[in-house]
Each structure stands twice: as structure tokens, then as C-alpha cells.
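> take a look and give me a structure for this.
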Amino acid sequence: MPLPSSTPPDPLFAAVRIPGFIAQALAASRPEVRGHAFVVAEQHAESSKTVVRDASDAARAQGVHAGIPVFWVRRKWPRVLILPRDPGAEEALKARLRLLWETLTPVFETDAHGSAMLDLTGTPWSRKVIHDETGLAMLGERLRAVALKHGPERVSLGIGPSQVVAKVLTRTGGIGVCSRGSETRVLDPLDPGLLPDLSPKARERLAKYGLERIAMVRRLGKEELTLRFGAEGERLYTLARGLDFKPVAGRRDPVVVETMLPRDLNDQEELRNQVRLTADKLAHALRREGLRTARFTMVLTYADRRETRRTVRLPSLTAAFLPLAEKAAEAFFEMYQRRVALRRIRMQAVSPAVETRQRDLFETDGEESRNSLETAIDRIRRKRTFGAVLSGSNVGAPAEGKARKKLTREPMRNQNTGRGYSGPPSPLTDT
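The predicted model follows:
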């Protein structure tokens, strides 16, 4: 008989949802509006076309909901506050919650709406509770209490032996739990519209065919579901049984770089050069780790210690300097609005992906030569230091919008020898 320590732990997943995440993030950053009826709109709240993006619980209780025009709220509910959306508050709340998830499990994934899937299998939180409904309910209460301390006013939780079961339970509101072996009993009476990862068309057909409970879907065979729902029939067959399609993606540590300015700067041209230098550091750090990113977050720290941040999406996964530098410069000129000197620039790739080393079929000769030259520069930097080779393209006039000026090509310069590089154009130079 095997020792207890050799028995693999039972799988356990916790799905977390923050209902009304946009409104809850705003309330977390502005405690004075907590408990009040308010709606969140985009910046142009006076436009007749502006609609409500989210509403607080107190506003929802009065009948206000996302999607209705702001002017209608102003007429029908004059006491409901209309507040502008605050992306910075949303990013701050997601960052606090992400730090919390890191203390609970090394394997988790999050989305843009504050939701998270935690793989608690084998963690101390999993080992300290009995995996029956009473024990899992106690675990859910503890998780919710911890999450509420980090900003949100309301949290919905689902805990079960699979991701599908956990996601379905979190959509029922409150805390839902399911012990191993009880998947059918828990899922059968629920609405199949709660199943995750279904297209709107599939949900419409569920209503059309009168499939009001997951049990009715489960009793249909795979062939019949495929006949009625096409490619999603097999997905329905699997989801109705509480089975997962994929594991939770393992969390990768964010790649973070920063530039401490030699002095507090407010000259835009000098600051642009420092932004491009920071982008160069991030590109080098990603390539060194064999990673690429489709987005990065830029954080500017002012001399008065205030910070502003923005997350920027890239056209595709990359670790190349040029696209990172261009997007970083554009984001900087949009962010830097205060007449206060800057002290520090930080860039971070939060969820980088592994570099597959597969060449792009549509890669041009110019891109190929730039990639080869970046690889050569990386070899020099690994042997010496990052500062052994710096880009001359970080010196020049700032680029704003589409009217970007072509920068004067300057040679790459070796800081150790003072010698210039006069070979082919650098991949770090605007062309």
C-alpha cells in the first residue's frame, strides 16, 4: 500500500470573479463613493452617444445598468452620480489582486475584467481543508475575506475539482462549491448558458432547442450534439460533464526594467531618449530570457513621487527593439501631461510568452537583417554589459503621431573603447 505522501493530491480549482469590476475598481480608488449610487462612463460624458459602461450595486438596485445612455441616467435618476472611467484604478486593483494570487498559488491566470483561475492543487490552502462541501465552503469564505481586504466590495467564488465546474459556480453568485465526484449532481440542475467558452450562436441554439438544464445537454450523445451545434457540439459534450479542455497556464514572472534618470528631467527630447533606452533594456531582457510580449506597462514616476501608468498593446508578440520603442514613445507623449520633472521610467512585460524560434513566413529581408544584428548585439552585451553597445537612434527629435521625423543615423558606439560602429544600419535605428 503506497504511503500517503506518495498519493497525488486531489485537483482543486478556485474561480474568482469581481462583479461590476469597472465600478468596483473606481470605488476602491475613491472611498468617498463607496455605497453610493453611481455609474461609470467614458471621458466624454456630455455626448448624447455616451453609454454607461458599469454601475455600482446601489445604482443597479434602482434599475440602472450598463449600456443605457448617460443622458437618460441624468434625466431619470438625477441623484445617481456620473463618474469618468479610471483605467489607472482598474490596473491598480488588478495588480493588488495579482499579488494576492501569487501568495496563494504559483499557478494562476487572470483576465482583463479582474477574474482569475487559481490552481490550488497541492497548495497549503488545499491541504488544510477536507475536500467535502463543508470544508470547501469554509475555504471559500476564507478566500473571499482575504480578497475583500484588497479593494473590491463584492467577490463571487466557485471552487471545484475542475476549471469548468469552478467557472460555472462563480456565475451563480456568492460562493459555490463542488466536491470531487459530485460534478453531475451540482451541474445538472443549472442553466447550460452558464457553461463557459460558448459562442453567442451556441447559446441561442440552446434556448431554441429548449435545453433548459445542463442535465438535458448531458443526456444527448456526442454525435447528436455535433449535428445540432456543429464544431461546438463536442465542446458542449465535454463541458456538460465538468471536464476541462486545458490546464491553467503557469504564471511567468514579469520582465521589469527601469531607468533612473541622472537628474530630474522635464525636457521632452531628453526624456524621449530615456524612454527609448528603457525600451532597449526591455527588448534585451526579453530576448535574453527567450520570451516575447504582446503588451507592456509603462510607469512614469515624477519628482513629487506621484506615478502614472499605462498598458500598451503591440500588434503582435515581439522582443524587437523598434516596435517596442515606437509604442513606448507614443505612450510617453500621451502620458506626460504634468509640468513636473520625471525621476524614473519603468517598463514591464507582465505575461510574456515563450519564443518559439519559428520564422515568420512574411518576414522581409530588412527584418531578417535587423534580427540578425540584434542577435549579434546581444552576444556582445552578454559577454560584457548592456551598456557596452548603445543605440544611436536614442538621440534625435521626438516623434509625435504619424508625422514622425526620420532620425539621423548615428554609429553604434562601444563605451569601453570609444570606437564607433560603421557597419550596416542598426536595427535600433528608425528607417
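
> residue contacts, the nearest residue to Phe21 once chain neighbours are set aside?
Nearest residue to Phe21 in three dimensions, chain neighbours excluded: Gly114, at 4.1 Å (Cβ to Cβ, 6 or more residues apart in numbering). All C-beta spots, glycine's among them, are computed from the backbone N, C-alpha and C. Counting by Cβ atoms under 8 Å, 6 or more residues apart in numbering, Gly114 makes contact with Arg17, Ile18, Phe21, Gln24, Ala25, Glu90, Leu93, Lys94, Leu97, Pro152.

> name the single longest helix found in the protein.
As assigned by DSSP state H, the longest helix anywhere in the chain is helix 268-289.

> follow-up on the earlier one: and the contacts of Gly114, which of them are in helices?
Filtering the contacts of Gly114 for helices - DSSP H - leaves Phe21, Gln24, Ala25, Glu90, Leu93, Lys94, Leu97.

> Arg339: which of the residues you listed is nearest?
For the ones in helices among the contacts of Gly114, the residue nearest Arg339 by Cβ to Cβ is Glu90; the value is 26.2 Å.

> which SS state does Arg382 fall under?
helix (DSSP: H, G, I helix; E, B strand; the rest coil).

> tally of neighbours for the spatially closest residue to it that is not a sequence neighbour?
Nearest residue to Arg382, sequence neighbours excluded (Cβ to Cβ, 6+ apart): Arg288, at 7.3 Å. Neighbour count for Arg288, taken as other Cβ atoms under 10 Å: 14.

> for the one 4 residues further on, same thing?
Arg292 has 20 neighbours, counted by other Cβ under 10 Å.

> what strand or helix carries it?
Assessed by DSSP states H and E, Arg292 sits inside strand 291-302.

> average model confidence for the following helix or strand past that strand?
Using DSSP H and E, the helix or strand that directly follows strand 291-302 along the chain is strand 307-318. For strand 307-318, mean pLDDT rounds to 86.

> between helix 268-289 and strand 307-318, find me the angle.
50 degrees (axes from the mean of the first three to the mean of the last three Cα atoms, to 10 degrees).

> now the residue nearest to Phe21, what's its secondary structure?
Criterion first, three-state DSSP; result for Gly114: coil.

> kindly report the domain assignment for the chain.
Domain assignment for the chain by automatic domain parsing gives 19-160+171-176, 255-421.

> so, low pLDDT: which residues of the stretch 51-200 of the chain?
Within the stretch 51-200 of the chain, no stretch has pLDDT under 70.

> cutoff 80 now
Along the stretch 51-200 of the chain, the model assigns pLDDT under 80 to residues 106.

> now the strands for it?
With strands called from DSSP state E, counting those that start in this stretch, the stretch 51-200 of the chain shows them at 52-55, 81-84, 108-110, 116-119, 156-160, 175-177.

> which residues touch the last one?
It refers to strand 175-177. In contact with strand 175-177 (Cβ under 8 Å, 6+ apart) are residues 133, 136-137, 139-141, 144, 156-160, 168-170, 186.

> before I go, just wanted to say thanks for your time.
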